[in-house]
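Asks: next come a sequence and a model predicted from it.
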Amino acid sequence: MAQTSESQSLIDDEPRSIFKGKIKLNPQISTVNYLCSLCHYFVMTFIFVSVESMQPLLFQQKFGIHQKDSGTENGYILLIDIGTKCIFAPVMGILSDKYGRVPILQIGMVITATSLICMGFSENLYPQYCLARILYAIGAITLATIPFLADYVHDDTKGRASALNVVLAALGAVFSATVITKLLTESLSIQMAYLVIGITFLVLGISYTIGLKKGLHFKDQKRANSTKNESLCPYQNHPIVRELYNEDDDYIDYDQEVETLQAIKDEMSWMSAIKIAVLAGSNIWIFQGYVTNFLGRGDSILLTLSLQIWSQQFVDPSLNDDDAYKQASIKAQTLSGVTYTVIMVFALFYGIMFEKISKNILLMGIFGLTMIGCFMMNFAPDPTSAYTFVTMGILGTGMSGLYTAALYLVNKYAYIQFRGYISGLANVFSVLGILICSFIGGLLQDRWSKIAPFNLFGIMSLVGMILVMWSYFKLYNKKQKK
C-alpha cells in the first residue's frame, strides 16, 4: 500500500499533457479545470465588448445623447471607470491570493451581472448610470485579475497557452460585436438586452466556475516547486540557444528576489502589497510584462471608437446623422473584423516563438510592426481601400504580439507566491494604457487630426521598443562581464 501511495504521489507531481502534448498542465490541474479557464477568457471578453458596444445605444435611447455629441460624457464615464479599476485591481489580486481564485471570481461575476442590469434600467446618466458603471468596473477588474494561466499551465508551454487565450478572447469579442449584441438590440429593447446579457453571463459564469480548481492549490504548487532546482529556460540545453538566448539565467536571481519580496510581505500592510508588485518589476521579464500590458489592450480603443470616428469623415454627406453613423459603423466594423482575424491567426505564431527564440528580439519586432502599422494610417485614403486593409493587417500582426506577450510574460515570470499582486498591477497598467489612448487620443482627435490616436499609439510603441533595446543591451553587457 505504501508503494502504491508513493507511486500515485509521483504521478500527481508530473505535468499533465493535453492537445497531443502541445499544452502541459501543472500538477493537480485537470483537463476540465483548464477547459473551464478557457471558457472564462471567452466569456470575459464577450462581456467587456458587449458593455462598450451597447453604451452608445443606451446613451441615445435612454438619455437622449447622440453618438456624435457623447464625447465629453464618454470621457467622464471612462475616467470614473478606469479610476475605479486602478483602485480595485491590486485589491482583488491580493484577495485571490489569500482566499482562493474561485470565490473571488464568483463575487466578481455577481457584481458584474448586477451592474449590467442596473445599467439597462438607469433613468439618468448621473448618478444612476455612473454608479452602475462603478459597480461594473469593480466586477470587470475582478474577472481580469484572476491569474488562471499562471496557475494552471506549466512553464514549458505558457507561450502556446497564452496564444490560445488570445484566440478565445478575440472570438469572444467577435461573437459579441457581430452576433449577440446586434441580435439583442434589434429584437429587444435596450433594457431587456442588458437584462438578458447580465443573467446569461451570470448563469454561464457560475456554471464554468464549478469546473475550476478550488482551494489554495497554487500555494501547494509553490511548496512543490521550491524544492526543485531547475532553470527557468526550458531550451537551455540546445547549444545555439545556450550561447545566444540564455536570457532567463542572466536576468533572474529567483531566490534572492523572492526573499526580498517576502520580507516586504511580512510587513502585513496594503502599502507593502503595492510595493511588492512594483519591486517585482526589477525582474526584467515582469517589467516587460508591465510594458506590454500597458500597450496590449490598445485594440479596445483603436479598433472600436477611434476607427469609428475616423470612418465618419468618409460617409455620404447627404445622409442624416443616424444613417451616417450606421454607414461609418459598417466600415469600421469591417476593418476591425479583419484586424481581429489577423490577431487570432498570429497569436498562435507568437505563442510558439516566445518559447523558442529570444524574447528581446521578438518584442522588438512586435513593437516595430505595431509602430509601423499606426504611422501608416496617416496615408490611408479611405476605409475601403486595399492600402487601408494592408495597414490594418500589419497593425493586427503587431497587436497580436503585444496581447500574447502581455499574457505570457506576467503569467510565466510572476513569482508563484505573489501572482495576485503582480497580476493586479499589470491590470492597472492595462487600464492606464486604455486611458491614455482614449482620453488623450480623443482630445488630439478633436483638436488636431482624426488619425491622432493611431499616431499616439505609434509613439507609445516606439517607447516600448526603446525599453526593449535597453533591456537587450543590458543583457549583452552582463554577458560580457561574465
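Replies: Yep, that arrived.
Asks: how deep is Leu369 tucked in, by neighbour count?
Replies: Neighbourhood size, Leu369 [other Cβ atoms under 10 Å]: 21. Backbone N, C-alpha and C define where each C-beta goes, glycine included.
Asks: can you give me the helices in the stretch 251-400 of the chain?
Replies: 254-265, 270-279, 284-296, 299-301, 307-312, 321-353, 359-376, 386-413 (DSSP state H, counting those that start in this stretch).
Asks: list the contacts of the third one.
Replies: In this case it means helix 284-296. Helix 284-296 is contacted from outside by 248, 251-252, 280-281, 359, 363, 370, 399, 402-403, 405-406, 408-410, 412-414, 422, 425-427, 429-430, 432-433, 457, 460-461, 464, 467-468, 471, 474-475, using Cβ atoms under 8 Å, 6 or more residues apart in numbering.
Asks: report the distance from that helix to the chain centre.
Replies: 11 Å (Cα atoms, centre = their mean, to the nearest Å).
Asks: got CSV for the helices of the stretch 251-400 of the chain, with mean pLDDT too?
Replies: Output for those, formatted as CSV (pLDDT from 0 to 100):
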stretch, mean pLDDT
helix 254-265, 56
helix 270-279, 63
helix 284-296, 84
helix 299-301, 69
helix 307-312, 80
helix 321-353, 82
helix 359-376, 91
helix 386-413, 90
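Asks: figure out which of these is closest to Val51.
Replies: Evaluated with Cβ to Cβ, those place helix 299-301 nearest to Val51, the distance being 10.9 Å.
Asks: output the helices of the stretch 251-400 of the chain as TSV; include the columns distance to Gly75.
Replies: Listed next are the helices of the stretch 251-400 of the chain as TSV, based on distance: least, Cβ to Cβ, whole Å:
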stretch	distance to Gly75
helix 254-265	37
helix 270-279	27
helix 284-296	20
helix 299-301	12
helix 307-312	13
helix 321-353	19
helix 359-376	22
helix 386-413	23
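Asks: got phi/psi on Leu79?
Replies: Reported as degrees, to the nearest 10, the phi and psi values for Leu79 are phi -60, psi -40.
Asks: ok, it to Arg447 distance?
Replies: Remark: distance between Leu79 and Arg447 (Cβ to Cβ, to the nearest Å) = 18 Å.
Asks: related to what we said a few turns ago, any of the contacts of helix 284-296 buried? List them.
Replies: 248, 251-252, 280-281, 359, 363, 370, 399, 402-403, 405-406, 408-410, 412-414, 422, 425-427, 429-430, 433, 457, 460-461, 464, 467-468, 471, 475 (16 or more other Cβ atoms under 10 Å).
Asks: list the contacts of the residue nearest to Gly373 when sequence neighbours are not counted.
Replies: Leaving aside its chain neighbours, Gly373 sits nearest to Leu395 (3.0 Å; criterion: Cβ to Cβ, 6 or more residues apart in numbering). Leu395 sits next to Leu302, Thr339, Leu369, Thr370, Gly373, Cys374, Met376, Met377 when contact means Cβ under 8 Å, 6+ apart.
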